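Compute the structure for the input listed below.
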Amino acid sequence: MQDKDKKEQRRNPARRLILKGVLFSLPFWLVVVLYFYDDPFMVLRRYKRYDSDIMLCEGCVGWNIYLNNRDSIPFNSFILGNSCTMAFRCHEWEKYLDGGRAVRLFGNAESMMAVYKKLLALEHEKADIRNVLLVIDPVSLSKTRLLSGFTNVLPPAVSGDSELSFQLSSLQAFVSPGFLMPYLRYRLSGRKVLPGKGFNPYGQVRNPMNNDAINPRDKMILDEGEAYWESRAKEFPPRSGEPAVSGQVIYASQEKLLSDIAALFRRNQTKVKIILSPDYSQESANPADTDILRRLFGTENVFDFTGINEYTADIHEYYEQGHYRPCLGNKLMEFIYRENRE
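Take a look at the predicted model:
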């Protein structure tokens, strides 16, 4: 009897330890269940519309929109590059294309490696890569690796990574305190309170058929008129008016990657137009970089709108110093295709 009691006493600490472990891990598992139930980043299931109260990964969203609609829309034209692609609307670009149907596959602060991966994925899918409009800047040109962080991750079909690795990165982003705590407050509030960073308070921000941007600032400009720019002086700092040139960013590794992209265009007989964006800062792209781009892609296909010029002069062409409006994007396309016709 005493031996039995002693064995029971020895078991009890182990049971208590297991019970404590279960209780301690219970909140984590509840969070995991919530993640799978809510699918906050819209990566666990397929959706007809990719808009959410949560800021989504644009690389994943664009690819899924392409997959959703490629059977009904014969996409053969692709707008690639960074977030300044918001200035180029698919239906406006299609006016200059002979039977072109366009979709926007961009990424925030996009790297050239991400551009290349998307093109390789399209080629693997046997897509008709007839036209490409590539919108970049010196920052994009300098990046030869995929960016880290879930907001910049590419879907497995594009990146080549495993589905498990992709989903684990999504779950890791969800359970990080910087996101999870505001999300739980938002969730418990009945989805009425948006905590701020990482959340989208504007509703629909993209066209579900071609991923065109729907920028909430367009409505602000329509409502406020001239006051939009007058009341946002901090977003439009004074410009010196003195010519400035950015440092060179294309070296051996960048040139090798750009050469691979150019080779892909040749394989697919792609008509490409490359736009160096008219940045609000009016800093010119480095001439050595533009020379390399023109050598690789053809002088007639590379358009440098950087620096002090008629396109960067008017602040009314900008939402803020990092992004320009479709009214300016339309002017750039008109220039590009007018020049080609002459």
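
does residue 274 belong to a helix or a strand, and which?
Assigned by DSSP states H and E, residue 274 belongs to strand 271-276.

and that strand, what other elements does it pack with?
Helices and strands touching strand 271-276, by 3 or more C-beta pairs under 8 Å, 6 or more residues apart in numbering; DSSP states H and E, are strand 131-136, helix 287-297, strand 302-304, helix 326-341. The way it works is simple: take the backbone N, C-alpha and C, and place the C-beta from them, glycine included.

residues in contact with that strand?
Residues outside strand 271-276 that contact it (C-beta atoms under 8 Å, 6 or more residues apart in numbering): 81, 130-138, 265, 285, 290, 293, 297, 301-306, 332, 336.

shaky segments in the stretch 1-150 of the chain?
Within the stretch 1-150 of the chain, the ranges that satisfy pLDDT under 70 run 1-26.

could you pull out the strands for it?
77-81, 102-106, 131-136 (DSSP state E, counting those that start in this stretch).

what about the last one, distance to the chain center?
What it means is strand 131-136. 14 Å (C-alpha atoms, centre = their mean, to the nearest Å).

How about the second one?
On the basis of C-alpha atoms, centre = their mean, strand 102-106 is displaced by 10 Å from the centre of the chain it belongs to.

Report the beta-bridge partners for the closest residue to residue 294 other than its chain neighbours.
Leaving aside its sequence neighbours, residue 294 sits nearest to residue 302 (C-beta to C-beta, 6 or more residues apart in numbering; 4.8 Å). Listed beta-bridge partners, residue 302: residue 274 (assigned using DSSP bridges).

Burial check on residue 302, number of neighbours?
20 (other C-beta atoms under 10 Å).

contacting residues for residue 203?
Listed by C-beta under 8 Å, 6+ apart, the contact partners of residue 203 are residue 51.

backbone phi and psi for it, please?
When quoted as degrees, to the nearest 10, the phi and psi of residue 203 stand at phi 80, psi -130.

Please enumerate the helices of the chain.
Assigned helices in the chain, in chain order: 2-38, 58-69, 90-94, 112-124, 138-142, 156-159, 163-175, 177-188, 216-224, 227-230, 252-267, 287-297, 326-341 (criterion: DSSP state H).
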